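In: whatever this is, show me its structure:
(chains A, B and C)
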Amino acid sequence: MRRSTTHDRGSPERALASCSPDSPPPSLHLSGIRRERWVPLLLLAPALIVLLALTVYPLLYAVRVSFRAADDEAWTLVNYARLFTDRFFAEALWHTFVYAGTAVTVEFFLGLGLAWLLDRHIRGRSLFRALLLIPMMIPPVVVGVIWRLLYNPNFGAINGTLQQWGIDTSALVWTASPRWALLSVILVDIWQWTPFMFLILLAGLQAIPQEPYEAALIDGSSAWHTFRHVTLPLLKPAILIALLLRTMDLLRIFDQIFILTQGGPGFATEVISLYIYKTAFRFFDFGYAVTMSFALLLITNLISLAFIRLIRAEEGLA
Amino acid sequence: MALRRVMRRSSITVLWGLLLSLLSLGCSHTNGKEAHLTLAVNAGVEGDALRAAAQDYQATFNVEITIAEFPYANLFEKELIDLTNRTGAYDLIMLDDPWFPRFAERGLLTELTPLYERRGLEGPDDDFVAASLALCRHPYGTGTLYALPYVGNSQLFFYRKDLFEKYRLSPPETWDDVLTAARTIAEREQIYGYVMRAQQGNAVVADFLPLFWAFGAEMFDAHGHPTVNSPEGIAALRMMLALGAYAPPGYVSFNADEVAAHLLQGTAAMSINWPAWIPALSDPAKSRVIGKIAITAMPGQKEPGRAEIGNWLIAIPRGARDPETAFDFLLWATSAEQMKKSALRGNPPTRVSLFRDAELVARYPSYPVQLHSLQTSRPRPRTPLWNEIENAFGIYLTKANTGELSPEEAMNRANAAIAEILQRQQ
Amino acid sequence: MILWRRPWRRWVRIIEYGAIGAALVITLAPVYWMVTMSLKTEIDQFARPPRWFDFQPMLGHYYETFFIRPFGHYVMTSALVALISTALALTLGTLAAYSLARFPLRWRLHRHLAYWILSTRMFPPIVTIIPLFLMLRHLQLLDTMTALILVYTGFNLPFVVWMMRGFFQELPVELEEAALVDGDSRLGMLWRVVRPLVAPGLAATAIFCLITSWNEFLFALILTQTDASITLPVGIAGRVTQYEIKWGAMSAAGVVAMLPMLIFAMLVQRHLVRGLSLGAVKA
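Out: Numbering: from 1, shown residues only, chains lettered A, B, ... in the order given. Here you go, the predicted structure:
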């Protein structure tokens, strides 16, 4: 472990090693050792084999299933046609977008704020950091349990405590109100996953070398100006990674809602994964479930592609 | 430094060693007993009783039994996946009776009559409650026998007899009585008049159907077309909403757990619930209303009140490795002697003799009411598509309770959704 | 200028600490509530007003969890599955990441491969779960820890590759070249020279993998059939019975599920932040 301390934050040689814009990516091929042409493939092979086995076969199988109706062997498009007439599908998709959009936005700003606060020399910093990361470590199933305990309108800790403070909570039913249920579920996500944003952004802030700040100080820039024109641009890769990973996970959110509301009340918190899950395992309609999954995969892909484009643009600059 | 390196090396060796031994573990099955059975059971009091019975069985017979326990919401899924793919993971499965048509129709269960015949028996004895045994046949009541009833649940009506006496209310016989009592108690006491499960899906439909039937409504007509939006059906939903006005806030997300919590904490006066809660009512660690709750049969309205039946059945998957051993256990577990033990563990029996057993009645004074309720009970519609229908119906019932839809609109949409489900399968 | 800045600064400090304090309370209160639920009788659990501090603690729920229910066994299963799948994913993923970072392939294939690998993480689980179930059944691996280990390895691989590729790209090539020139084998060089350099990154990545595998629910739910392979989250969900939720037992199991990750996170928190800052999020 000791050796790695030489690689501390902002070590300028290392930052420079990969930052000069014209140098090609570091390559051992250019360094005169050519006899090991099989090495790159050999190193890649085990991972690729595992991934191919766990994704490609299932994918092919799923494609076949999506073109079948019920137990029929014939090829058909009914499942795809149903996507466009299924009111539940449209509603669940809408909930997923609202959920993912709201959660990722709030988590990002809260996470950025916390990361900024705890990036500096504040007493008890490392203890605070460790404590703030706790929710992220808890199994989502357990998180669902905790918040069911808290949200219960009659026996839950939140309403109970508010009443103790003399606040009327008779209209505050959290996950039981069709209007507020989705928001309540989103709050749980924010509680659990803001730490993730915080962590990645904090790491991103720590990765920024000191020099640009010193330069800004010499120029006499205001704090906001420094943040806007020095910190943010340098933080961009971390921001993109955090947003990408979070969005990918949010679009297939399942565990907490499964425990918390099962999609209710009515259909108010039914997100797409939950609807797919019910279609597959409660109604046993795999064909349609897989078809909906493809729709979800397509959407996830499009959104991720946008992020990846941005990241590639960043890498291109680096 | 050298020591550290050695330690690193050895830890990696250990890790790989572990992995390899795990791989080999995956293939081997070792046990000292002659036969081996795996049971899939519901997490809860029913599964606990069967688990305990299995331990007794192992102690007496040369059979090793493994229990796989799953929450209610997942048990159906696990069983259906495993049975349709014929993994042979389970030798016996517990199933909730509304699931039965799906399993039976797909030919996933072992016929029991040949197994009876091989033992020189004609079939199940007539001590079983007829309404319970009818659930185990496909088609309903008359068809082939694929299961045996293990837990004789049917819905019961719970009310606070102390409050009913205080306000001189007689035990409710109609839903109008229930509404009057709910209003009276809610206005004079600081508690809720009525509490129900209105969570979408299984819960809301189960708590609504007795009301729906009492108002003379039916889910399907003689041709199998949905008729939930009949005037009777809408009137029943109106009654549900009227009761909802006296229910705790947020009741639209309640399942059995929240309903029971209100009863046990003494914050609600009446509800429909399952017999599984009866033991808790007199448990000082759980209940604040010991001795204050009375249990009665389902109220009626236009029609006499009929409870919904919700029995737990045990069946043998088709293609099970050892159906004979499995059936031996099934016969043993559903015998009067063993079922009495299960009853003492908190599960209502499915045998008439046990509902009249002196020791059991002394312990559970509600048994006569329960037997009557079970014998006059009604099953949920026997269709393999029940889960999907229940889901759609439940969503619209909950939406009516949250006020998102008017009763007419909710029932019309539910009817259309059910019609679509039926049509798609044809 | 400096003179008028001081009181202003102090106010800022107070607001900063206030914000951190609020964040801590919001973060920790729900967790604390679950811990108290695991120690209360049913009556105390539902008492009004809620009993945050004044209740009679008792260990009955823990007794039930570990002595009546096989939760000790579930913990073992979860731990083995999480540790082995993390080790596997780290080994395979790091090698692949190294290859992708160091050896440009023809037609920019290394880049396409990297993005393809990341994209496998986007698969909605439902797409793969049924075919995987059938595949594992065919291999007679259903209801084994091996199945879960395989699946979680595949689950974590994309993340490992993506993270470690970032770390390798940050390393100067010269050290490796020197080692190779000195006659080290490629793998030997990786182990002796490169591994120590990316150790903080490996640690950070390992933590994420462990969290993912320890917490995973959906695959475990479908791929396990008996106690031979049931993991902790599935066991916890199993405490939601049809009629009642065993809040106490469930909270007790929740505390147990949470503790190892918490202790672990406390121990490695420093590596987590520093590890991440050296690679994937680098400007």
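
In: residues near residue 189, how many?
Out: All of this is about chain A. Counted with other C-beta atoms under 10 Å in any protein chain shown, the neighbours of A:Asp189 add up to 24. For glycine as for every other residue, the C-beta is placed from the backbone atoms N, C-alpha and C.

In: the chain in question should be chain C.
Out: With other C-beta under 10 Å as criterion, C:Met189 counts 19.

In: what ranges does the stretch 51-200 of chain C have for its strands?
Out: Taking DSSP state E, counting those that start in this stretch as the criterion, the stretch 51-200 of chain C carries no strands.

In: for it, which residues are neighbours of chain B?
Out: C:80, C:83-84, C:87-88, C:133-134, C:137, C:140-147, C:149 (C-beta under 8 Å from any C-beta of the partner chain).

In: list the contacts of the residue nearest the centre of chain A.
Out: Nearest to the mean C-alpha position of chain A, counting by C-alpha atoms, centre = their mean, stands A:Arg246 at 1.0 Å. A:Arg246 sits next to A:Ala103, A:Val104, A:Glu107, A:Phe108, A:Trp193, A:Phe196, A:Met197 when contact means C-beta atoms under 8 Å, 6 or more residues apart in numbering or on different chains.

In: go again using 10 Å as the cut-off
Out: A:Ala100, A:Ala103, A:Val104, A:Glu107, A:Phe108, A:Gly111, A:Asp189, A:Trp193, A:Thr194, A:Phe196, A:Met197, A:Ile200 (C-beta atoms under 10 Å, 6 or more residues apart in numbering or on different chains).

In: so what's the residue count around whatever residue of the stretch 101-250 of chain B ends up closest to chain C?
Out: Closest to chain C within the stretch 101-250 of chain B is B:Asn202: 8.8 Å, counting by C-beta to the nearest C-beta. By the criterion of other C-beta under 10 Å, B:Asn202 has 25 neighbours.

In: confirm that the residue nearest to the centre of chain A sits in a helix.
Out: Yes: assigned with DSSP: H, G, I helix; E, B strand; the rest coil, A:Arg246 falls within a helix.

In: how much space separates C:His271 from C:Pro200?
Out: Using C-beta to C-beta, to the nearest Å, one gets 5 Å for the distance from C:His271 to C:Pro200.

In: oh, that last question was meant for C:Leu59, not what I typed.
Out: To C:Pro200, C:Leu59 is 39 Å away according to C-beta to C-beta.

In: next: C:Met34.
Out: Where C:Pro200 is concerned, C:Met34 sits at a distance of 32 Å (C-beta to C-beta).

In: same question, A:Leu251
Out: Relative to C:Pro200, and taking C-beta to C-beta, A:Leu251 is found at 30 Å.

In: all strands for the chain, in order.
Out: Chain wasn't specified; assuming chain A. For chain A, applying DSSP state E gives no strands.

In: oops, wrong one, chain B.
Out: Going by DSSP E, chain B shows strands at B:35-42, B:63-70, B:92-96, B:137-138, B:144-145, B:147-151, B:156-160, B:270-273, B:293-296, B:312-315.

In: among the ones you listed, which is nearest A:Gly266?
Out: Among the strands of chain B, the nearest to A:Gly266 by C-beta to C-beta is strand B:270-273 (20.3 Å).

In: mind checking if the closest one is in reach of chain C?
Out: Yes: using C-beta under 10 Å from any C-beta of the partner chain, strand B:270-273 reaches chain C at B:Asn273.

In: quick one: average pLDDT of that strand?
Out: Strand B:270-273 comes out with an average pLDDT of 94.

In: using PDB, write down the CA coordinates of stretch B:235-251.
Out: Extracted in PDB, the C-alpha atoms of stretch B:235-251 (Å, rounded to 0.1, in the frame of the first residue of the first chain):
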ATOM      1  CA  ALA B 235     -73.700   0.100  -5.900                       C
ATOM      2  CA  ALA B 236     -71.300  -2.200  -4.100                       C
ATOM      3  CA  LEU B 237     -68.400   0.000  -5.000                       C
ATOM      4  CA  ARG B 238     -70.300   3.000  -3.700                       C
ATOM      5  CA  MET B 239     -70.800   1.200  -0.400                       C
ATOM      6  CA  MET B 240     -67.000   0.500  -0.300                       C
ATOM      7  CA  LEU B 241     -66.300   4.200  -0.800                       C
ATOM      8  CA  ALA B 242     -68.900   5.200   1.900                       C
ATOM      9  CA  LEU B 243     -67.100   2.900   4.300                       C
ATOM     10  CA  GLY B 244     -63.800   4.300   3.100                       C
ATOM     11  CA  ALA B 245     -64.900   7.700   4.500                       C
ATOM     12  CA  TYR B 246     -64.600   6.100   8.000                       C
ATOM     13  CA  ALA B 247     -61.300   4.300   7.300                       C
ATOM     14  CA  PRO B 248     -57.900   5.600   8.300                       C
ATOM     15  CA  PRO B 249     -56.100   7.900   6.000                       C
ATOM     16  CA  GLY B 250     -54.000   6.100   3.400                       C
ATOM     17  CA  TYR B 251     -56.100   2.900   3.600                       C
END
